[in-house]
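Asks: this one's structure only:
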């Protein structure tokens, strides 16, 4: 899960949705602790390269490569510690801890004993549980999910939600954030109650648009509970953790004391040294797992061996293959969403994966199915802005490029003229399919639109796709409406309808979200919002400034009668509108930057703010329109008339934003 945004984000969005850039800051001195090395398999003797110039995947080579990459990456990223596990051919090839699990006590990370929080990688266990029940005939992937529930998920355009849609994130749900992560144990809500509190709207046509959803995953976990007759935690203990021998893994909240004793601390930055409280996930099946690297290796091996681990089996061979290879298309030829796994095929090698983020832990799991190889990494700090995302990406891609390099490929390409034409076609402003839509957090969509910009050389850049240095990546068109990152094998593709690009997506995010084009009017919403707020701010500031100037120079207040009354009232109206919208925007920014603000304990604040906006925005707009009508009919100077019109338009626009983005209203559902 990406904490915001991303268990978000996703997305959110941006997290949730949008890749953060890396601030260029001075590096932190390397963490001076030797990595803990636990080798569960005997040393692999050095073997000649299978292909000249390509190193074989041996324990010695993998260890040397990781030791050359991770210590420096963690130090420059300001990350306290990490665990990495590599499995191959049914065995653990290498598992190592880097840095510290507890900075204050200088406790090194132990891959056999130290528990990490894999975040949304937890979802793979939920999906595995679902597929176990499908295999037993107790669940039908294509049936109306309501038949397994004790509350109703409304249909969208007559189409019910199904488990297949839920596993592929195409049920159409908007983003749900309230109470996603909390540090307070007393805020843990029973799974059924959390799901019933508010059902997010289904804003996309079912089966058509990938939109990553923590709510949908938790819904699947609840289905497991109801159909199996066991709690979600008991079911996993009996049917996944037990058979695999995962004795140091649990979704339980709070974590059992024996496991909590070996839990790694989470940190914002290693240089801060402040351990963060244990994170509780209200939608537990979406991301509450805690596990050691050694236990995650067992899970990877089971999936790489089509459900088998030693003498145990968690899935039938055909079920496992169905889970790994049944794809839901996104845009064009990009990687797809499998039944719970992302497709991340790279360099011609079939691969599936899942990433995960809490606020403090950041993880990734990759399986190269045909090669029998898996790699898992988890870090226990957020680090410098965006560092963990770039480290995960560099690690997984670097691993693939080293051991599974691409054969030279050819693309038919496009002409320079055609490339520039298509770059102009795709240029514009977009919003992510993974977004809040029917609540106050939809304001975030205004604050973080995604822009596609054509470059002079025919390439394009996307504001949300930044390289490790913070600069936008460049994408070169290799086939009509298919672009490739100039520094990697990642691709970007667009859907074209009647000659116009209506949406696009890009790897590695294609399986879970697309970017939908905004209309010209929607694209102007953010600039108009800023302009409106500026007009109101200047109007409000002019009130005390003009009074002080008149007092200083002894000048009289020249307006009288209705002119004076309108002049004073419109400033009160401007202040009301400014306070209402400014408070709403400020609250949304705080909620997305600090997930503690999404705690249910803040519901009262949100309700009060929305009630204030419900009064202030219409009242401010009404006063501004009345003032403009009065000024235009009077003998005021042309500048006063122009400002009165601008002020009324600004207040009316804020009123429209308040209605369209659900600032006006009652309640705290988001």
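Replies: Structure's in. What do you need? Keep in mind the model is a prediction, meaning the values are calculated, not measured. Numbering: from 1, shown residues only.

Asks: can you give me the helices for the stretch 351-500 of the chain?
Replies: Using DSSP state H, counting those that start in this stretch, the helices found in the stretch 351-500 of the chain span residues 387-403, 416-426, 443-447.

Asks: and the gap between the residue of the chain positioned farthest from its centre and residue 542?
Replies: Most distant from the centre of the chain: residue 554, at 58.2 Å, with distances by CA atoms, centre = their mean. According to CB to CB, to the nearest Å, residue 554 stands 19 Å off from residue 542. Heads up, the C-betas are built off the backbone N, CA and C, glycines and all.

Asks: one more: residue 267?
Replies: 47 Å.

Asks: one more: residue 82?
Replies: 55 Å.

Asks: so between these two, which is more surrounded?
Replies: residue 82 (34 against 14; other CB atoms under 10 Å).

Asks: run through the residues that contact that one.
Replies: Neighbouring residues of residue 82 by CB atoms under 8 Å, 6 or more residues apart in numbering: 70, 74, 97, 98, 99, 109, 377, 378, 379, 380.

Asks: and these as a markdown table, adding distance to residue 523, pLDDT and neighbour count?
Replies: Converted to a markdown table, these look like this (distance: CB to CB, whole Å; pLDDT from 0 to 100; neighbours: other CB atoms under 10 Å):
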| residue | distance to residue 523 | pLDDT | neighbour count |
| --- | --- | --- | --- |
| 70 | 42 | 96 | 22 |
| 74 | 40 | 97 | 27 |
| 97 | 48 | 97 | 27 |
| 98 | 45 | 98 | 28 |
| 99 | 44 | 97 | 27 |
| 109 | 46 | 98 | 28 |
| 377 | 38 | 98 | 28 |
| 378 | 39 | 98 | 30 |
| 379 | 37 | 98 | 34 |
| 380 | 40 | 97 | 34 |
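
Asks: okay, and which of these map to strands?
Replies: Among those, the ones falling in strands (DSSP state E) are 97, 98, 99, 377, 378, 379.

Asks: could you find the closest non-adjacent residue to the fourth one?
Replies: The one in question is residue 377. Leaving aside its sequence neighbours, residue 377 sits nearest to residue 84 (CB to CB, 6 or more residues apart in numbering; 4.9 Å).

Asks: bridge partners for the one you found, pull those for me.
Replies: residue 96, residue 377 (DSSP bridges).

Asks: neighbours of it, how many?
Replies: Neighbourhood size, residue 84 [other CB under 10 Å]: 25.

Asks: how near is it to residue 494?
Replies: Taken as CB to CB, the span from residue 84 to residue 494 is 36 Å.

Asks: residue 243 too?
Replies: 44 Å.

Asks: residue 384 too?
Replies: Computed as CB to CB, the residue 384 to residue 494 distance reads 33 Å.

Asks: equivalent analysis for residue 439, please.
Replies: Taking CB to CB, one finds residue 439 at 30 Å from residue 494.

Asks: how about the contacts made by residue 597?
Replies: Residues in contact with residue 597 (CB under 8 Å, 6+ apart) are 587, 590, 591.

Asks: from those residues, which is closest to residue 325?
Replies: Lowest distance from residue 325 to the contacts of residue 597 (CB to CB) belongs to residue 591, with 38.8 Å.

Asks: what number of residues lie near that closest one?
Replies: Residue 591 has 25 neighbours, counted by other CB under 10 Å.

Asks: which stretches in the stretch 1-150 of the chain count as helices?
Replies: Here the stretch 1-150 of the chain has its helices, by DSSP H, counting those that start in this stretch, at 59-77, 123-135.

Asks: need these in a markdown table (columns: distance to residue 443).
Replies: Below are the helices of the stretch 1-150 of the chain laid out as a markdown table (distance: least, CB to CB, whole Å):
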| stretch | distance to residue 443 |
| --- | --- |
| helix 59-77 | 31 |
| helix 123-135 | 28 |
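
Asks: mean neighbour count, these: which tops it?
Replies: Each of the helices of the stretch 1-150 of the chain was scored by mean neighbour count; the highest is helix 123-135, a mean of 23, by mean count of other CB atoms under 10 Å.

Asks: let me see the mean pLDDT of that one.
Replies: Mean per-residue pLDDT for helix 123-135: 98.

Asks: right, and the helix or strand after it?
Replies: Next along the chain after helix 123-135, taking DSSP states H and E as the criterion, comes helix 163-167.

Asks: hmm, who's touching that next one?
Replies: 127, 130, 134, 139-143, 145, 171-172, 206-207, 213, 216-217, 219-220, 223, 339-340.

Asks: list the buried residues for the longest helix seen in the chain?
Replies: The longest helix of the chain (DSSP state H) is helix 561-593. Neighbour counts over helix 561-593 (16 or more other CB atoms under 10 Å) mark 563, 566-567, 570-571, 573-581, 583-585, 587-588, 591-592 as buried.

Asks: now swap in stretch 184-201 and tell me
Replies: 188, 189, 191, 194, 195, 198, 199, 200, 201.

Asks: any weak-confidence spans in the stretch 301-450 of the chain?
Replies: Residue ranges of the stretch 301-450 of the chain with pLDDT under 70: 408-411.

Asks: more neighbours, residue 384 and residue 494?
Replies: Neighbours per residue, other CB under 10 Å: of residue 384 and residue 494, the larger number sits with residue 494, 25 against 21.

Asks: what's the distance between the more buried one and residue 480?
Replies: Counting by CB to CB, the gap from residue 494 to residue 480 is 10 Å.

Asks: is residue 103 in contact with residue 109, as I believe?
Replies: No. At 11.2 Å, residue 103 does not count as touching residue 109 under the criterion of CB atoms under 8 Å.

Asks: just the strands from the stretch 251-400 of the chain, written as ranges.
Replies: Using DSSP state E, counting those that start in this stretch, the strands of the stretch 251-400 of the chain run over residues 266-267, 275-276, 280-281, 290-292, 308-309, 312-313, 342-343, 351-357, 362-368, 373-379.

Asks: looking at this protein, which helix or strand is least sure?
Replies: When the helices and strands of the chain are scored by mean pLDDT, DSSP states H and E, strand 36-38 comes last with a mean of 45.

Asks: mean neighbour count and distance to residue 601 for the helices of the stretch 351-500 of the chain - can I get that in CSV?
Replies: Below are these laid out as CSV (neighbours: other CB atoms under 10 Å; distance: least, CB to CB, whole Å):
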stretch, mean neighbour count, distance to residue 601
helix 387-403, 20, 28
helix 416-426, 17, 44
helix 443-447, 21, 21
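
Asks: want to throw these into CSV with distance to residue 664?
Replies: Output for the helices of the stretch 351-500 of the chain, formatted as CSV (distance: least, CB to CB, whole Å):
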stretch, distance to residue 664
helix 387-403, 36
helix 416-426, 35
helix 443-447, 12
